[in-house]
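**Q** Provided below are the primary sequence and the corresponding predicted coordinates.
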Amino acid sequence: MSARRPVLSAVLLAAVGAAAACTAMGTVDVRMSMPGVSPFAPGTFSKIIIANFRDEAASDDFAPAPALEEVLERTLGRALKERGGRVVRARVEAVAGRDEPAVWKAAGAAEDPGTVYLAGSVRLSGEILKALDKSLPQDGPFDLVRRLIAKRRWRLDVELYVVSAATGETLDHQSFSEFQDYGELDKEAEFGFNELSDRVMGRISQALLGTPTIEVRSLLRR
Amino acid sequence: MKRRVLWGIVLAVLVTFAACARNMATGPINDGVAAANEEDWEKAVQHWTKALELTPDSAAAHNNLAVAYERQGSWEQAAKEYETALRLDPDNAQIRGNYESFKGRLEAGRKRKS
């Protein structure tokens, strides 16, 4: 019996070692940011062509349409990069929402499947809002001297069309509006655009590509 | 007696080898998990792809690749890898859990428009 003990011990040790080697691998839970899920058909947005946006209210000192195209290219390009998609800008002789699908189809004839045009219009409008200052007391002698207060409001309206390059059909049409009031009446259009386009882009990105979420997944070690 | 001990050790080595040779991919799989933990998912994918070259029927490597593809937004590739992983190891609760979460998220996202 005692002669067998070393052998048995060695076998037992090996079995325990082998079991440990093969079972200590388990799982590792990882938290990660997952890209949003696009509500469009799979494969859409493999390439986005930002086509010429119409300026509905161009001013002398600032042109919002090219600025919006630039923001769209930058923001969507970043979002699509990880998915292997890309974003480019191009001039297209067609007007979203007005021209027939055939015109868009002809423009996109050389494009790969999954390519879409983003087109539409943009309006950046500013106005001065005036109102009575209600913060002053309404009774007594001050009531007579209530003052007018004024604010500068910048408003950005974007009409966005998603047009299939393969069929020329409009896949989606949405409107996005944002406004911001400023105490400084001389707040520049470009400043207003920068602030408002950030907000609009967040909504456009979600509408097209979905909302990124934090998810937990299990990685296996064997 | 010495001979017996020697045989015992030989047997032990063989048992250990047999137990772990079943899955030659374990090394690259763990390397991939370590890379993923360091947020280097590109490297993780390389390790898991290598693991599949060594052991094509590794459910773990398929599962981990699916997670990496999901993280990239490559939904079709992720679905394919999850399904392969489940086919190879249908009772694995972790793979099933990952796949259910993946499918649920995909369905919810795609329903938004309809």
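**A** Structure's in. What do you need? Numbers count the residues shown, from 1 in each chain, chains lettered A, B, ... in the order given.

**Q** from here on, contacts and neighbour counts on C-alpha atoms
**A** OK.

**Q** host element of residue 77?
**A** I went with chain A, as the question did not name one. Remark: residue A:77 resides in helix A:64-81, with elements defined by DSSP states H and E.

**Q** I was after chain B.
**A** Secondary structure from DSSP H and E places residue B:77 in helix B:75-88.

**Q** next helix or strand past that helix?
**A** For helix B:75-88, the following helix or strand on the C-terminal side (DSSP H and E) is helix B:93-111.

**Q** Distance from the chain centre to that following helix, please.
**A** Relative to its chain's centre, helix B:93-111 lies at 18 Å (Cα atoms, centre = their mean, to the nearest Å).

**Q** Any idea which residue of chain A lies closest to chain B?
**A** residue A:39 (4.1 Å; Cα to the nearest Cα).

**Q** Next one, pLDDT for that residue please.
**A** Listed pLDDT for residue A:39 reads 92.

**Q** Residue B:90 now?
**A** pLDDT at residue B:90 comes out at 97.

**Q** Once you drop chain neighbours, what's closest to it?
**A** Sequence neighbours aside, residue B:96 is the residue nearest to residue B:90 in space, at 7.8 Å (criterion: Cα to Cα, 6 or more residues apart in numbering or on different chains).

**Q** residues touching the residue of chain A closest to chain B, list them.
**A** Contacts for residue A:39 (Cα atoms under 8 Å, 6 or more residues apart in numbering or on different chains) come out as A:207, A:208, A:209, A:210, B:109, B:110, B:111, B:112, B:113.

**Q** Residue A:221 too?
**A** The contact partners of residue A:221, taken as Cα under 8 Å, 6+ apart, are A:25, A:26, A:27, A:28, B:26, B:29, B:30, B:33, B:60.

**Q** Can you report how many residues lie near the fifth one?
**A** When neighbours are counted by other Cα atoms under 10 Å in any protein chain shown, residue B:26 registers 24.

**Q** correct me, but it touches residue B:51?
**A** Yes: using Cα atoms under 8 Å, residue B:26 makes contact with residue B:51 at a distance of 7.3 Å.

**Q** For chain B, give me the ranges with low pLDDT.
**A** Applying pLDDT under 70 to chain B flags residues B:1-2, B:5-6, B:8-25, B:113-114.

**Q** Right, and chain A sits closest to which residue of it?
**A** Minimum separation of chain B from chain A (Cα to the nearest Cα) falls at residue B:110, amounting to 4.1 Å.

**Q** end to end, how far does stretch A:132-149 reach?
**A** 6 Å (Cα to Cα, to the nearest Å).

**Q** I'd like the mean pLDDT over it, please.
**A** pLDDT averaged over stretch A:132-149 gives 66.

**Q** Next up, identify which helix or strand residue A:186 is on.
**A** According to DSSP H and E, residue A:186 maps onto no helix or strand at all.

**Q** Quickly check: stretch A:163-171 near chain B or not.
**A** No: judged by Cα under 8 Å from any Cα of the partner chain, stretch A:163-171 and chain B are separated, with a smallest distance of 10.8 Å.

**Q** does any bit of stretch A:172-183 sit next to chain B?
**A** No: if you take Cα under 8 Å from any Cα as the test, stretch A:172-183 misses chain B, and the best it gets is 9.4 Å.

**Q** quick one: contacts of stretch A:154-163?
**A** A:96-97, A:104, A:116-127, A:169-181, A:189, A:192-193, A:196-197.

**Q** So what's the gap between that stretch and the chain middle?
**A** Counting by Cα atoms, centre = their mean, stretch A:154-163 is centred 13 Å from the centre of its parent chain.

**Q** ok, now stretch A:208-222?
**A** 19 Å.

**Q** Run a quick neighbour tally on residue 59.
**A** Chain wasn't specified; assuming chain A. Other residues near residue A:59 come to 12 when the count uses other Cα under 10 Å.

**Q** switch to chain B, that's the one I care about
**A** As a burial measure, residue B:59 scores 25 neighbours (other Cα under 10 Å).

**Q** Enumerate every residue touching the nearest residue to it once chain neighbours are set aside.
**A** Distance criterion Cα to Cα, 6+ apart; nearest residue to residue B:59, sequence neighbours excluded, is residue B:85 at 4.3 Å. Counting by Cα under 8 Å, 6+ apart, residue B:85 touches B:58, B:59, B:60, B:61, B:62, B:63, B:95.

**Q** again, 7 Å this time
**A** Going by Cα atoms under 7 Å, 6 or more residues apart in numbering or on different chains, residue B:85 touches B:59, B:60, B:62, B:63.

**Q** Would you enumerate the residues in contact with the first one?
**A** If a contact means Cα under 7 Å, 6+ apart, then residue B:59 has B:85, B:88, B:89 as its contacts.

**Q** No more questions from me, cheers.
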